[in-house]
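1. What shape does this take:
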Amino acid sequence: MQIDPYNRAEAVVKSDTVNLHNGLTEALQVGGAGVVAAVFQDNSVVNITAIAGQILPIKIKRVNSTNTTATVMTALYRV
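-> The predicted structure follows:
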């Protein structure tokens, strides 16, 4: 099975109210290790611990500023 590569990216600006501009992600790349407060489509929030360079295969609409300590995050999409 072949997996299509990501073909769109968006720098993540942490916010407790403003969603990502391109909608739900296919994945989230974390540049600097820490906690990601990931907000899913149903508004549930999960704090995920990530290591530097990790790609999290999650569909999220926002990364909350509150509780997020990870840095240099990039939202990845397939369009």
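
2. Can you tell me the SS state at residue 9?
-> strand (DSSP: H, G, I helix; E, B strand; the rest coil).

3. what's the burial count for the nearest residue to it once chain neighbours are set aside?
-> In space, residue 9 comes closest to residue 74 once its chain neighbours are excluded; the distance is 5.3 Å by Cβ to Cβ, 6 or more residues apart in numbering. Every C-beta, even on glycine, is put in place using the N, C-alpha and C of the backbone. Counted by other Cβ atoms under 10 Å, the residues lying close to residue 74 total 16.

4. partners of the strand or helix carrying residue 74 in the sheet?
-> Under the criterion of DSSP states H and E, residue 74 resides in strand 71-77. With DSSP bridges as the test, strand 71-77 is paired with strand 8-11 (antiparallel), strand 27-32 (antiparallel).

5. So for it, what gets flagged as buried?
-> 73, 74, 75, 76, 77 (16 or more other Cβ atoms under 10 Å).

6. Residue 37 versus the residue nearest the centre of the chain, what's the distance?
-> Note on the chain: the residue nearest the mean C-alpha position is residue 28, at 3.7 Å, using Cα atoms, centre = their mean. In this view, residue 28 and residue 37 are 11 Å apart by Cβ to Cβ, to the nearest Å.
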